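1. Make a model of this:
(one chain, ligands or ions: 1)
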Amino acid sequence: MYKLLSTIANMLPLKYLPQLIRFRLLTMHMIYAKINAALWLLFLERGDGTMNNNFQEFIKAAAHVKPSENQLRMLRKTPFYAFIHFSPNTYTNLEWGLGNEDPAIFNPTELDCDQWCEAIKSAGMKGAVITAKHHDGFCLWPSKYTEHSIKNSPYKNGKGDIVREFADACRRHGLKFGFYLSPWDRNSKYYGTPEYNDYYKNQLTELLTGYGEVFHIWFDGACGEGPNGKKQEYDYEGYIELIRKYQPKATIFNDFGPDIRWCGNESGSARYAEWAVVPSELCYRCKNVQTGAGPLEGDLSHMYNSDSDIGFLSNIIYSKGLVFCPSEIDMSIRPGWFYHENEEPHSLERLFNTYLNSVGANTTFNLNIPPMPNGRFNDKDAARLHELGQLIKRSFADEITSRAKITSEYIGDGQLRVRFDFDSPEKISYVQIKERISEGQRVETFQLRRENNGKEDTIYRGSCIGSNKICRIGVTTDNLILHITSARDKVELEEIAIFA
Ligand code: FUL
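-> Next up, the predicted model:
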């Protein structure tokens, strides 16, 4: 249609030039203004001549992009879990080992995985992921494929297996067990050659088949040089295939999916809107592309998967198709991932805020606690975890939702108002909202309001909700209105909970 209008415009006599220029400027403006572009979609035609998806159809399809069972389980049952970084770095004070460390330095004389699990549980976490191998290539289990492992350390005279001790302890304490197997390996002589992928897969198989059920498997994108100065081309597809074969219930973390993606920083900074429905080209390890291409022809290569706005409507309309891939916020309780004596744990406030901005913002939270050289968590870290768990419990202990009279009203499909009326003013500290994420993520924007003498004040403005949104408000009021101001399709809420 646009081409047709252009052709007609070009045929007009010169006296129509001013109108023609105005028409061209107007259309150019419309085409390049992403946000307003939707209005023109019905009139646009693709370069290859095929008609664009109808805008409404695409947005509706976006609203129905659904999580896999594994993703849903992770978001609903295990959104908060621990990371444990333990390796020769713990003894050399490094963050990235060189790969030539002598296994003899690794000697946790008081290793206590039960202490780890108790501390992890006290924070309310439901699982834990251990660095079975970090970039230095040292294995915390006696892998038969390398000598650079615990079997050549003094720990239990070379008879130890910390992955096993930890997996067993997790089970004793009702925690889910996961591991991180770094693809970057600064020790392996195979690194930088095709044999390395076999080496890596052999190690992966040992971990996938020898330690019971695994809930989460973590590999990062770090790809530096190995001992021979070469970089490796990782066979991620092959790694993922192995995991699906041996641990079909595990979620897989990688920068670009397939199941959980990186949030883009390691400091626990959550972003304004953390969509789980994102363009497939930015999360290209997710193979389950659930929509057709967006209605506008365009290119998202200027974005990185860690950009905060990758799920925004203004971007997804240029996508090649959408996938479901929530992000994970990973940070350490201390500045380093590994233990360094001169560091202190972060404040309770910072950790609690990160919890609200991750578990309470449609992402998962992977919080690292580094064991000390003796193999125990530092008492300060254990105490901080306990305080965090207590604060979370206290904050969400006093639910007052049932004291309210609740009325609700849909305004079309995309807008919804739910009103809570209390008999007398109540102190409200938090409002927790959950979309029925099993059916997709839909809410674009919402507000919390209160009515005062017939006038409504907005007390909280939010963007997406997704699996869980915690709004910290701190007001005293006898009424509260949740107004979903825009959504991609009919809003389906699973829960709204109000806490004093
Ligand atoms: C990164 C690694 O380079 C860091 O050492 C750490 O393990 C972090 C969780 O992932 O990619």
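2. Excluding covalently adjacent residues, which one is nearest to Lys380?
-> Pro345 (5.4 Å; C-beta to C-beta, 6 or more residues apart in numbering). Yep, even glycine has a C-beta here, placed from its N, CA and C like the rest.
3. hang on, the one you found packs against Asp381?
-> Yes. Applying C-beta atoms under 8 Å, one finds Pro345 in contact with Asp381, separated by 5.1 Å.
4. intersection of neighbour lists for these two?
-> With contacts taken as C-beta atoms under 8 Å, 6 or more residues apart in numbering, Pro345 and Asp381 have Ile333, Arg334 as neighbours in common.
5. Residue numbers of this structure in contact with the ligand?
-> Proximity of the chain to the ligand (C-beta under 6 Å from any ligand atom) is limited to residues Glu95, Trp96, Asp220, Ala222, Asp330, Trp337.
6. what's the neighbour count on the closest residue to the last one other than its chain neighbours?
-> When the adjacent residues along the chain are set aside, Trp337 lies closest to His85, with 4.3 Å between them (C-beta to C-beta, 6+ apart). His85 is flanked by 21 other residues according to other C-beta atoms under 10 Å.
7. I'd guessed His85 sits against Lys133; true?
-> No. Contact criterion C-beta under 8 Å: His85 and Lys133 do not qualify, at 11.4 Å.
8. Can you report how many residues lie near the residue nearest to Lys380?
-> Pro345 has 21 nearby residues by other C-beta under 10 Å.
9. Name the SS class of it, please.
-> The three-state label given to Pro345 by DSSP: H, G, I helix; E, B strand; the rest coil is coil.
10. Contacts only, for it.
-> Going by C-beta under 8 Å, 6+ apart, Pro345 touches Ile333, Arg334, Asn378, Lys380, Asp381, Arg384.
11. Just the buried residues out of these, in ChimeraX syntax.
-> In ChimeraX, a selection of the buried entries from these looks like this (16 or more other C-beta atoms under 10 Å):
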select :333,334,378,381,384
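12. Among the contacts of Pro345, which lie within helices?
-> Here DSSP state H is the test, and the contacts of Pro345 give Lys380, Asp381, Arg384 as lying in helices.
13. from these, which single one is nearest Pro258?
-> Asp381 (31.8 Å; C-beta to C-beta).
14. contacting residues around that closest one?
-> Shown in contact with Asp381 (C-beta under 8 Å, 6+ apart): Ala119, Ile333, Arg334, Pro345, Ile369, Pro370.
15. In JSON lines: those residues, plus pLDDT.
-> Below are the contacts of Asp381 laid out as JSON lines (pLDDT from 0 to 100):
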{"residue": "Ala119", "pLDDT": "98"}
{"residue": "Ile333", "pLDDT": "98"}
{"residue": "Arg334", "pLDDT": "98"}
{"residue": "Pro345", "pLDDT": "98"}
{"residue": "Ile369", "pLDDT": "98"}
{"residue": "Pro370", "pLDDT": "98"}
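16. do you know how far the residue nearest to Lys380 is from Ile369?
-> The gap separating Pro345 from Ile369 is 9 Å, by C-beta to C-beta, to the nearest Å.
17. for Lys189, same thing?
-> Distance of Lys189 to Ile369, computed by C-beta to C-beta: 33 Å.
18. Counting neighbours, go ahead and name the busier of those two.
-> Ile369 (26 against 16).
19. in stretch 401-415, what's buried?
-> The neighbour-count check on stretch 401-415 (16+ other C-beta under 10 Å) flags Ala404, Gly414, Gln415 as buried.
20. Select the longest strand from the chain.
-> What stands out as the longest strand in the chain, according to DSSP state E, is strand 415-435.
21. Adjacent strands (with direction) for that one?
-> strand 405-411 (antiparallel), strand 469-487 (antiparallel), strand 493-499 (antiparallel) (DSSP bridges).
22. any idea which element the residue of the stretch 101-250 of the chain found nearest the ligand lies in?
-> Among the residues of the stretch 101-250 of the chain, Asp220 lies closest to the ligand, at 3.6 Å counting by C-beta to the nearest ligand atom. Secondary structure from DSSP states H and E places Asp220 outside every helix and strand.
23. Now do the contacts for Asp235.
-> Contacts of Asp235 (C-beta under 8 Å, 6+ apart): Asn197, Tyr200, Lys201.
24. and the residues you listed, which of them are in helices?
-> Per DSSP H, the contacts of Asp235 map to helices at Asn197, Tyr200, Lys201.
25. Okay, buried residues for stretch 189-197 please.
-> Buried residues in stretch 189-197 (16+ other C-beta under 10 Å): Lys189, Tyr190, Tyr191, Gly192, Thr193, Tyr196, Asn197.
26. pLDDT weak spots in this structure?
-> Along the chain, the parts satisfying pLDDT under 70 run over 1-53, 270.
27. tell me, what residue is most central in it?
-> For the chain, Ser327 is the residue whose C-alpha lies nearest the centre (C-alpha atoms, centre = their mean; 1.4 Å).
28. thought that one was touching Ser269?
-> No. Ser327 is beyond contact range of Ser269, at 11.7 Å (criterion: C-beta under 8 Å).
29. how about TSV for the strands paired with strand 415-435, with distance to Lys176 added?
-> Output for the strands paired with strand 415-435, formatted as TSV (distance: least, C-beta to C-beta, whole Å):
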stretch	distance to Lys176
strand 405-411	35
strand 469-487	23
strand 493-499	22
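30. Surely Pro103 touches Gly160?
-> No. Applying C-beta under 8 Å as the test, Pro103 and Gly160 come out as separate, 11.4 Å apart.
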